[in-house]
Structure formats: structure tokens, C-alpha cells
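K.L.:
my questions concern the predicted model and sequence given below.
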Amino acid sequence: MLGKLNLDALPYDPIAIGGAISLIGGTIGIAALLTYKKRWGWLYKEWLTSLDAKKIGIMYIVVATLMLLRGLMDAAMLRGQTAIASGENSGYLTSDHFQQMFSAHGTIMIFFVAMGLMFGLINLVLPLMLGARDVAFPFLNSVSFWLFFAGMALVNTSLIIGEFSAAGWLAYPPLSGLEYSPGVGVDYWIWSLQIAGIGSLLSGINFITTILKMRAPGMTLMKMPIFAWSVLTSMMLVVTAFPVLTVTLGLLSLDRLLGTNFFTTTLGGDPMMYVNLIWAWGHPEVYILILPAFGIFSEIVATFSRKRLFGYKSMVIALLAIAVLSYIVWLHHFFTMGAGPNVNAFFGIMTMIIAIPTGVKVFNWLFTMYRGSIDFKNPMIWFLGFVMTFTIGGMTGVMMSVPAIDFQMHNSMFLVAHFHNMIIGGVVFGYIAGFIYWFPKIFGFRLHEKLGTYVVGAWLIGFLLAFLPLYILGLKGATRRLDHYDSSLGWQWLFIISAIGVGVILLGVGLQLLQLYVSIKQRHKLRDTNGDPWNGRTLEWSTPSPAPFYNFAKLPSVTHRDEFWERKRSKSKPDASPYEDIELPRNTPDGIIIAGMAGAVGFALIWHIWWLAALGLIGCIVILIRRSIINPGEIIIPAAAIKAYENQLLKRTRS
Amino acid sequence: MSHTLASTQNSSKVQLGFWIYLMTDCILFATLFAVYAVLRNNTAGGPSASDIFDMPFILVETLLLLASSFTAGIALLAAKKSMISLARKLLIATLVLGVSFLAMELYEFIKMYNEGHSWRESAFLSAYFTLVATHGLHITAGIIWLLVLLPKFFRSKIDSLTISRLTLFSMFWHFLDVVWIFIFTVVYLIGDKTL
Amino acid sequence: MSAPTKSLLQDKSFKLYVQGFVFSLIFTLAAYFFATSNTSGGLLFGITLALFAFGQLLTQLICFLHLDQESKPRYNQMAFIYTALTVFAIVAGSLWIMHNLHYNMKPQDPNIEQKILENEGYEIRQ
């Protein structure tokens, strides 16, 4: 009846029990608070069933932030372990638990933090930037978010029921095969990624269609804000790379469920094919994450330098070049797997070439700043931190693109330092900067500036302390995923510095939460009264803050690249045309139901509960068919109501 | 904005979105093809392609699918010209051809399984069954879709929404035809021959 | 013949569908008989089959999916070209990488070291 599921699946060792209790406690706490404040109905009606891209965006960011805290806890435990586990001292984590933790850390940080923040920010601002009322397919957007949520829920379920994968964030076979990982950990990994991945794929389709079809009249592709371009190229990579992940995970699960021989070491299976395929997805994935961050920084640099972006066209070309080139570099993740010199040389050279468009961007940003009147607001300070760390990371990356050097660095702490340099210094800094930049547009007030400066300082110093020692350790021969080392190696002081760095990052995140709290307390003082707190350039700043649920009362028409900036400069008169009715999609719980069923299917396949899997699948199909037959239709907001609401907003601005 | 304009814009949006979905499916199949091509000679002592494929049988399957793609295309054309009864007949023909194709594929699978050649036997057979069955699953989805769509064609009038859905269906069906052509060539015609 | 039937038969896309169907039959049968009569394989065999498959692909894209008739902006065509590029990179890249791996790591052949040395043009001194 319940497949492999029985009481043994509950956690027994003290640290695992601690994790489970804190998760259950947190969930119960939130539920109790909602019940006490009688907010369940409000949550359901206003948020969970909402198809408003801005609300979906906020939900993405909330989930991603919670996952960031969990991923950071994992990181702190890992670096804490390596700081003390030298020689006689074996630390507080067992080897198996250590492996589960770094697998969970990688998986959560990439799939549920970075991807979540990315989709969150895109949802918040993309339609506003394009002068559109919503994304192309609002219902699909809700399905995407809830699939992301279901994947996240599965990862966290593994804390309470069963275990998580101990096979690393990409679960190479044969280690992740049934023979060496007979437990449910790898299955949790597979199905949480599979479900979240399908959500990402659908988001990719949605955002591409939004950009190609929903732009305001007059906004040609070359008049589009550069952030929209970066999203377009990133989503091109999403829709072409994620199917590869779907197949790769699918085949691995077939190996584990049905006894096929794709990646086994017997009967003709080829584990190296898995490595090849997972990186054919994995390399584009890093560009999927970084390109929108590039877009965010491009907007920020132009806004805070009071200049138009230098080299817009070269920026677009660079983005497109990356979209193509990122498909012919993936072998650099496995130079040491045994390919011959011509293959390694080809992919090494391609990797060096892909650094060029990225370098073009860095120069474009610097030239945008050149002779600009730079305003050192928080987002701009994040940008400066980013340029520094990202350039270091980029250079170590080019170093490792040389196959001969890679043979030395491969699988070492040097590599760990390199990709954290790109992902924290590039992706995370970019998304935090974007969050601060667009926060007033969504919530109507700015974040506390001074506390924000301390946040940058803590992140930056913490980051350098945590990862520069890892470069040195890597050169000294410390391998990644190392949970214990001999004391005669003399590595301990470096690991201790690294652990202190993680502590400083944690302090930064604590300050960030404090900043949020203080800003909410002082929201009247920090209020954004005219909708344009930073003297912005693009259309999202032409709406009042917080942006109304219909985004634009009248759809704007566009004649310039920096449309809003040009309007301010030419002091153009506001659009005097009469208001019209607005059609908006009706809220629906179908997204939650579909994702809930998908999550149930995932859970059932992990524990071999076949009837539940069949039931969930049939449920999904039935919901989709029902939705295609009974069209939920739109709600229409009459022009008079819009007019009244806009006048009210205007009055508030004047007062 | 007048209502017709809004609905045309909406249908062009949906068609682009669906086309992008088809492109993602294209990559999905391409990955399976890559896996098959890499593993096709890893028979591990089991049967190879020429031992188990019944070529005339496969040719009939292919012709059925090609014919169903043709009837689906003409059905869309007829629906656009409001020839509902013709569209209905052609869609039923598409359905019958599709179901026959699927039945033949299942028959082939069951026959192989009963002869002791399952997906567990070798990497080649794993890749073969997965690639062909993924296509078969898509065909199944198409058949369910057609069954949902078909009742609309038993009325005297069809609305623009039905036509736009039929357009999407025919795109999907033609796409599956294209995928099958590559399965036909790569899996069956090339078989275990060295290139 | 009723008026709608006539208009259907005279429609440009109807003709296109019929042409497409005929072409697809020709390509299928030609490829089938070519492949079943050939037992040895070889590069020429592969290229010929690839050409038949390519002809079939074009037939389907033009006659059935009407990809060439798209009006500006041609997003579907652009999406298709980008996808085709990616497919090529993934399939050809995977085959190249895996073939090269097997060539360098082949465990079955006892003389592989000798063969690699010869293939790479090294001179072997006794």
C-alpha cells in the first residue's frame, strides 16, 4: 500500500532530528500565525490563487529567500565541520551526512534560490518594462510557480521522511545508480529537480512569448530595455537546455525504477554519457542564471550614472553570442574524463572565446560610468562589488579553461572557489541589487540605505574571507567534498578563515533581514511618492509605486530606447486619451492543484507507491481537460473604476 | 480594443507559445536520439537491430502515420472553410490511423518482450524502447487531445477557439510525424549498420 | 460538385498538402527500399539516408507546417533555426565526445596503445 515507506524513514541521528524539528516547527509556526490572525482566506484569495505576475514574483522571492537561509545553514555546517575536522578530531558530522548536506546545498542554491530569485525578479518587472499588463500566459505562470514550489517541498520533505541524495549536486552515476545508492535520496533529488525543471521550462516559453508578443506599441526589439534582452537570451537557453535535463533525469530514474541500462556499468550502459548530457544542460544553466544578472546591472549602471547605456548594440550582440556559444563549451566540465587532445583543445578554445562577449559587457559598464555623474546608491555599490569579484572569478575561469591547468585544478577547492565566485559574486549580487533597485516599484517604499551599505560590506568581506582561502587550499591539493583531513597538511587555519567568512556572510544576511524590518517600520519616511525614486530611464518607473495590479491604466506607446527618460527630458504631456475597460485573468486554484498532483506523483515514485502515482497523473490530465472545456474567462474592470483609482493615486502623490 | 482583434492577438500568442513548446520537445527527442546513437552498438551479447526489427511491419506503421498527418492537415483546412462534416470525417480518419499506429507499436513491443527482449537486456534495447515509447506517449497524448476536440465537430457550427485549437493539434501531429521520420531513419533503416 | 468542395480543391494550401503527401510517400519508400537492399552500410549509405530524411523534413516543414509562409516578424523560423543549431551542437557534440572517449579508453582491445600511437603518427622506436 505505501511502497517502501515505513517508520524507518523517520530521522534518528540528532542533527537530522534537529533539522526535521526546525522545519516542522517553522511550518506549524507560520500556520498558527495565519490562523491566529485569521489570514488564511486572505492568503488564498489574494496570493495563492493570484495570476498577477507581480504577486507570483513576490512569492518566488519569498520561497527563494527561505531556501537561501536553509542553503546557508548547510554551508555553515559544512565549513564548520572542515574548520575543526583535522587529525584526531572527526568533527560533528558523519561522512554520509556531510555528503547529503553538500548535495542539498548545491541543489537548493542553484534550483531553488538562484532560479527562484531570477524568475521572481523577471515576474516583478518584465511586463512593466515592456509596457504590458501581464505575461503572455498568466495561468501557465501560476502553474510554473507552483511546480517550482512542489519541487522545493519535495527537497524539504526529505529532511523528515527518508534522506536526501549523497551523490553530489549533479549525482553522477554509477554512484547515483541503484547499486551504490539504493536508498531514496537520489530519487528525492531526481523528482524534485524534474518537477521544478518542468516549471522552469514552462516559464521559459511564457517569458519568450511575452517579450516577442506583448511589447508596447512602438517598442521594437532594438528599443527594448537591455534587461528584457538579457531575459530573452536567458529564456532561449532555458527552453533549449531544460529538455536535456528532463531527459537525463528521466533516464537515470528509468535505470533506478525499471532496470534499464543507460548509465549502469553492466550490459552496455555508459555512465560517461550521463556526465556528457548533464553538462550539456549544466553549462547553459550557468548562463541562464548570469545573463539576467548582467541585464540588471546594465539597467542599474545606466540609471545611477545618469547616462544611456554605452554600447547597447554590442551588448545585444554579446548576449546573443553567449546564447549560441554556451552550447559548445560543456566539455570543459569534464576535461579529465578521458577525451583526446583534439576534443579537449576544441572545447578549451571555445571556453576562452566565450569569455570575450562577457568581457565586452564589463567594458561597456565601465564606459557607461565614465564621465557619468555617478550616484552611489545601494544598487550601484553592489555593482562595484560585483565587478571586482566577478572579474577575479572570470580570470580563474579562463585559467581553468586550459586543459593542462584543469588537470591540476580539477575536483579541487580551487574549482569550488571559482564557481562560487561567479555564482555569489555574479548571480547573487546581481539579484540582490535588482531586488533593492525594484523594491520601491513593488512595495511603494525604498529600503534603508545605510543599513544596506553595511550589508554590501558584510557580504563582500565575508565572501572574500570564505573563498580566497579555498583558492589557496585548492592549489595545495585539497579536494572538494572533503570532510576530514590530516593535521600534518597544515590546512586548518585556511579552513578556519573560510568558516569565519561564512559567519560574516551570515551576519550580512542577518543585516539584510534587519534592513527589511527597519524599512517596513520606517516605510512612511522612505515612501516613494512619485513612482520614480532613482530618476529611472525605463517604462516601469512611469507607473505609480506600488505599481497597480493592472500595471498601466493606458498602455504606453514607445518612441525611444530610454522611453521614460526621454519623456522626462522633453517634458511631454501625460496621455489625455480616455480610459478604457481592462480585461484581467480570473484567479484560479488550478495551478496549485496541478502542482500538488505533480508533487504527489513525485513522492509516489520516490517511495514506489504506484497507485498514488497513477492517481496523480490522471488528476493532472483531468484538470487540464476540464480547463480546456470550461473556460474560466476574464474579469473586466470598467473604465470608470480605473479612472477613480488613478485619481486616488494621483491625489496621494500630491499630498 | 475590439473583441475580434483581441482574440486574433491571443491566438497568435498561443501559436507562438505552442511552437516554442514544440521546439523544446524537439530538443527532448534530439537528446534521446543522441543517447540512442551512442548506445546503439552496446548490445552486451543481446540481439542487435537487424535481429529484432520486422521491416515491412515498420513500413506499414510509417505509412499509417504519414496518412494521418495528411488527413489532419486537410481537416484543418476544411474546418477553416466551415465544412464541418468533412472536417469531422477527416478527424475520425486521423484518429483511426493514429490508434492503428499505436496498436502496431504496442504489438511490436509486446512481441519483443515475449521473445525475451526487454529494455533490461542491454543498453541498446534500453535506448530503443525509451526513444520509441516516448514518441508513442506523445501519440497517446495526441489521441486524447483529439478525443477532447472531436465532440465540437458534431455540432452545426464551430467557433474560432475550436479552429485555433485544431491548428495547434495539427501542428503537434505534423511535428510527431517529423520525429517519426527520424526514428524510422535512424533506428530502423540504419539499424546496426556501421557508418 | 458543391461550391465549398470546389473551393477546397482549388485552395493553394490544399494543393500543397497533396504535394506534401506525395513527396513524403516518395521519400519514405525510396529510403526504405534503398536501406533494405543495402546490407553493408558505410559512409555513402549514411549520407544518402540523411539526404532522404532531410528531404522528408523539408517536405513536412514547408507543405504541412507552412514554415516558409510566415509573415514578418518571422519568430517561428528564428526559433526553429536556433533549435536546429542547438540540436546539432548537442547531437554532433555528444557523438564526437563519446566516440573520442571510447577511442582513447577502449578497454577490450589489447593492442590499443599501439594503435593510438600509429594513428597519431608517432614513430615507434624499438
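P.N.:
Ah, there it is. Numbering: from 1, shown residues only, chains lettered A, B, ... in the order given.
K.L.:
pull the longest helix from chain B.
P.N.:
The residue-count maximum for a helix in chain B (DSSP state H) belongs to helix B:3-39.
K.L.:
can you tell me which helices and strands the helix or strand harbouring C:Asn76 packs against?
P.N.:
Assigned by DSSP states H and E, C:Asn76 belongs to helix C:75-105. Applying 3 or more Cβ pairs under 8 Å, 6 or more residues apart in numbering or on different chains; DSSP states H and E, one finds that helix C:75-105 contacts helix A:226-257, helix A:271-305, helix A:312-325, helix A:341-369, helix B:3-39. C-betas here are computed from N, CA, C, even on glycine.
K.L.:
mean pLDDT lowest where, among these?
P.N.:
Here the lowest mean pLDDT among the helices and strands packed on helix C:75-105 goes to helix B:3-39, at a mean of 89.
K.L.:
spit out the contact partners of the closest residue to A:Ile24 other than its chain neighbours.
P.N.:
Excluding its sequence neighbours, the residue lying closest to A:Ile24 (Cβ to Cβ, 6 or more residues apart in numbering or on different chains) is A:Ile160, at 6.6 Å. Counting by Cβ atoms under 8 Å, 6 or more residues apart in numbering or on different chains, A:Ile160 makes contact with A:10-11, A:20, A:23-24.
K.L.:
re the thing from before, between the helix holding C:Asn76 and helix A:341-369, how big is the angle?
P.N.:
If you take axes from the mean of the first three to the mean of the last three Cα atoms, to 10 degrees, helix C:75-105 sits at 140 degrees to helix A:341-369.
K.L.:
for helix C:75-105, give the mean pLDDT please.
P.N.:
Averaging pLDDT along helix C:75-105 yields 93.
K.L.:
that older thread, with distance to chain C and mean neighbour count added, can I get the helices and strands packed on helix C:75-105 in TSV?
P.N.:
As requested, the helices and strands packed on helix C:75-105 are exported to TSV (distance: least, Cβ to the nearest Cβ, whole Å; neighbours: other Cβ atoms under 10 Å in any protein chain shown):
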stretch	distance to chain C	mean neighbour count
helix A:226-257	4	24
helix A:271-305	5	25
helix A:312-325	7	19
helix A:341-369	5	18
helix B:3-39	4	19
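K.L.:
need the pLDDT of the closest residue to A:Phe363 other than its chain neighbours.
P.N.:
On the basis of Cβ to Cβ, 6+ apart, the spatially nearest residue to A:Phe363 that is not a chain neighbour turns out to be A:Gly311, at 7.9 Å. pLDDT recorded at A:Gly311 is 94.
K.L.:
quick check on A:Gly311: phi, psi?
P.N.:
Reported as degrees, to the nearest 10, the phi and psi values for A:Gly311 are phi 70, psi 50.
K.L.:
B:Asn41 touches B:Ala123, doesn't it?
P.N.:
No: in this structure B:Asn41 lies outside contact range of B:Ala123 using Cβ atoms under 8 Å: 9.2 Å.
K.L.:
count of neighbours near the residue in chain C positioned nearest to chain B?
P.N.:
Nearest residue of chain C to chain B (Cβ to the nearest Cβ) works out as C:Gly41 at 3.0 Å. C:Gly41: 16 surrounding residues under other Cβ atoms under 10 Å in any protein chain shown.
K.L.:
residue contacts, the closest residue to it other than its chain neighbours?
P.N.:
In space, not counting the residues next to it along the chain, C:Gly41 is nearest to B:Lys193; the distance is 3.0 Å by Cβ to Cβ, 6+ apart. Contacts for B:Lys193 (Cβ under 8 Å, 6+ apart) come out as C:38-42, C:45.
K.L.:
what's the pLDDT at the closest residue to A:Val428 other than its chain neighbours?
P.N.:
The shortest distance from A:Val428 to any non-neighbouring residue, by Cβ to Cβ, 6+ apart, is to A:Ala114 (7.2 Å). pLDDT, A:Ala114: 97.
K.L.:
low-confidence stretches in the chain?
P.N.:
Since no chain was named, I'll use chain A. Residue ranges of chain A with pLDDT under 70: A:653-655.
K.L.:
oops, I was thinking of chain C
P.N.:
C:1, C:106-110, C:112-113, C:116, C:120-126.
K.L.:
just give the closest residue to residue 43, not the sequence neighbours.
P.N.:
If you meant another chain, say so; for now it's chain A. Computed as Cβ to Cβ, 6+ apart, the closest residue to A:Leu43 that is not its neighbour in sequence is A:Leu34, at 6.3 Å.
K.L.:
right idea, wrong chain: chain C
P.N.:
B:Leu195 is the one closest to C:Leu43 (Cβ to Cβ, 6+ apart), at 6.1 Å.
K.L.:
what's the answer for A:Gln492, then?
P.N.:
Leaving out its chain neighbours, the residue that sits closest to A:Gln492 by Cβ to Cβ, 6+ apart is A:Ser86, at 4.5 Å.
K.L.:
contact partners for residue 75?
P.N.:
You didn't say which chain, so I picked chain A. By Cβ under 8 Å, 6+ apart, A:Ala75 lies in contact with A:105, A:502.
K.L.:
that was the other one, I meant chain B.
P.N.:
Contacts for B:Ala75 (Cβ under 8 Å, 6+ apart) come out as B:86-87, B:90-91, B:94, B:166, B:170.
K.L.:
again, but for A:Pro217
P.N.:
So A:Pro217 contacts A:555, A:557-558 (Cβ under 8 Å, 6+ apart).
K.L.:
one more time with 6 Å
P.N.:
A:Pro217 is in contact with A:Ser557, counting by Cβ atoms under 6 Å, 6 or more residues apart in numbering or on different chains.
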